[in-house]
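Engineer: here is a sequence with its predicted model. Questions after.
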Amino acid sequence: MADADDVCRLALALADVTEIDSDGFDFRIANKGFIWSYPERRPGQKRRIRIDIAVLYVGDEAEKQALLLGEPEVFFTTPSYDGWPLVMLRLDEVDVERLTELVSDAWQMCAPEES
């Protein structure tokens, strides 16, 4: 089972990553976000930063749909993310090895060619 500390450790181990000050975690490469805490919004309630759920860049709609359909217990989305190549990742549903792969892939898709 992975957690926010694992996300931070893995993201900061990658080249040229910038951590953005936030109530949770927020990591970028070349000014592009590749993983950050899920800002949960519920009608009539204040936004809540969830550090047990990460928003993960996945590159394109095909990959997004493959993850959502293939592992619905791990990945989900909300209407506010429709049209964006992003999924929400339940950290407690993945081990650190899988998280390492997901974070690295997201970083690589966002990183400039020379990184």
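Structural biologist: Arrived safely, thanks for sending.

Engineer: what are the ranges of the helices in this protein?
Structural biologist: In chain order, the chain shows helices spanning 4-12, 61-70, 96-110, with DSSP state H as the criterion.

Engineer: and the gap between the residue positioned nearest the centre of the chain and Leu67?
Structural biologist: In the chain, the residue lying closest to the centroid (C-alpha atoms, centre = their mean) is Leu56, at 2.3 Å. Leu56 sits 9 Å away from Leu67, going by C-beta to C-beta, to the nearest Å. C-betas here are computed from N, CA, C, even on glycine.

Engineer: now do the shared contacts for those two.
Structural biologist: The overlap between the contact sets of Leu56 and Leu67 (C-beta atoms under 8 Å, 6 or more residues apart in numbering) consists of Val87.

Engineer: give me the low-pLDDT residue ranges for the chain?
Structural biologist: 114-115 (pLDDT under 70).

Engineer: from Ala106, how far off is Glu73?
Structural biologist: Applying C-beta to C-beta to Glu73 and Ala106 gives a distance of 20 Å.
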